[in-house]
Every structure is written in C-alpha cells, then in structure tokens.
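Visitor: my questions are about this predicted structure, shown below with the sequence.
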Amino acid sequence: MAEEAVTTLRAELGRFGRGEEGFALLEVFLEVAGPWMGPVVLDPVGLRLPDEMTDDRVLVQGLIEIIEAEPPVTGIFRSTEREYDMADPQARWDFVRLAHCSKLATVWSEGRRTTYFEAADAVTATYWLPESLKVVFFDAIQARGWAVPADWLAAVGKQPKPWWKRGS
C-alpha cells in the first residue's frame with residue numbers, strides 16, 4: 001500500500017507579519033491534529049526568546065525562568081526532553097510559545113514514526129503534513145477567518161521515500 005503524499009510547509013516566525021500569527025497557526029494545528037498526534041515534546045535546555053516574539057515576550061520569559069530554576073536532570077541516558085499534554089489548554093499555550101524558543105521541539109505521530117511539526121534553534125520551523133491532515137488544518141484555519149499563507153496553498157505533496165531509501 002502506498003503512503004499518502006506529504007507536504008512540507010515552512011513556518012519560521014520571521015516569515016509571518018507578526019510572530020503571533022505563527023503561534024496562532026500552530027495552536028490551530030494542535031487542536032485539529034489530535035487523531036493523528038502522538039507525543040508533543042521539546043528540549044528545555046538553553047531556551048531563548050526569538051526576536052519575532054512580541055506580545056507574549058514577558059510571559060514567555062517568565063516561563064523560561066521557571067524552567068531554568070528547576071534542578072538539572074542528572075544521570076546517564078536521561079533525556080531532558082519534556083512532554084506536553086495537548087488536552088490541557090495551558091500546556092498547549094506553553095508548548096506553542098516555548099517551541100520557538102527551544103533547541104528542538106517536535107510534534108510526533110503515534111509511535112513516533114512521523115514528524116508533523118518541528119521547530120529548531122529558535123530559527124527554523126516546519127510542518128510535514130499528509131494530505132488528509134493538511135486539508136483538515138487548512139479548513140480549520142479558514143473556519144476561524146484567517147488566511148492560509150499563499151505559499152502553503154501552492155505547496156504540492158510528494159510521496160515519501162521508501163524507508164530503505166530515507167536519509168540518502
């Protein structure tokens with residue numbers, strides 16, 4: 001059985017008129033992706049505010065300070081990765097803002113077989129969406145009265161490489 005085509009959508013905060021637009025789109029994605037979504041995680045080490053963050057700057061800096069005040073994770077093979085519960089509105093808000101401050105933040109599929117969203121080094125952010133999820137996401141954005149970025153609408157899905165060819 002062939003895998004569904006996947007569309008790559010660039011989502012760096014700098015590509016939007018205001019960083020909050022990028023946050024709003026990620027919030028919509030997290031609301032509608034529930035049936036597809038697995039773990040939502042980020043690396044809380046070395047969080048830094050991106051220049052594009054405006055309205056929520058003080059609140060997010062407070063979140064960063066709370067996390068930095070926590071005792072460090074110690075021991076061999078212990079991950080600093082932090083998982084967020086998307087059923088909790090506060091956790092979802094925190095993740096959306098901190099994802100763009102993090103070295104790495106990821107929204108996985110169930111079983112961590114597919115990455116749907118990734119933000120890295122407070123600079124890059126990308127969605128990789130199967131066509132069915134992309135349609136649901138775009139419909140939800142438009143239902144809220146927002147515009148889907150024009151380059152996202154023009155993006156064409158591609159068939160994923162077979163597992164034995166990935167990485168080459």
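Guide: Thanks, I have the structure now. Residues are numbered from 1 along each chain as shown.
Visitor: hey, let's count contacts and neighbours off CA atoms from now on
Guide: Fine.
Visitor: could you look up the SS state of the spatially most central residue of the chain?
Guide: In the chain, the residue lying closest to the centroid (Cα atoms, centre = their mean) is Phe117, at 4.1 Å. Look at Phe117: counting by DSSP: H, G, I helix; E, B strand; the rest coil, its state is strand.
Visitor: ok, the closest residue to it other than its chain neighbours - contacts?
Guide: Nearest non-adjacent residue to Phe117, counting by Cα to Cα, 6 or more residues apart in numbering: Tyr127, 4.4 Å away. Tyr127 sits next to 7-11, 116-118 when contact means Cα atoms under 8 Å, 6 or more residues apart in numbering.
Visitor: Gly17: which of those residues is nearest?
Guide: Ala11 (11.9 Å; Cα to Cα).
Visitor: list the contacts of the closest one.
Guide: 22, 124-127.
Visitor: for Pro130, same thing?
Guide: 4-7, 157.
Visitor: got TSV for these, with neighbour count too?
Guide: Below are the contacts of Pro130 laid out as TSV (neighbours: other Cα atoms under 10 Å):
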residue	neighbour count
Glu4	14
Ala5	15
Val6	21
Thr7	20
Gly157	17
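Visitor: does Cys101 touch Ala122 like I think?
Guide: Yes. Using Cα atoms under 8 Å, Cys101 is in contact with Ala122, at 4.7 Å.
Visitor: between those two, which contacts overlap?
Guide: 48-50.
Visitor: out of the residues you listed, the closest to Phe16 would be?
Guide: Pro50 (13.2 Å).
Visitor: what comes up buried for stretch 150-158?
Guide: Within stretch 150-158, the residues that count as buried by 16 or more other Cα atoms under 10 Å are Gly157.
Visitor: distance of Glu70 from Thr80?
Guide: 12 Å (Cα to Cα, to the nearest Å).
Visitor: please say which of the two ends up with more neighbours.
Guide: More neighbours surround Thr80 than the other of Glu70 and Thr80, with 13 against 8 (other Cα atoms under 10 Å).
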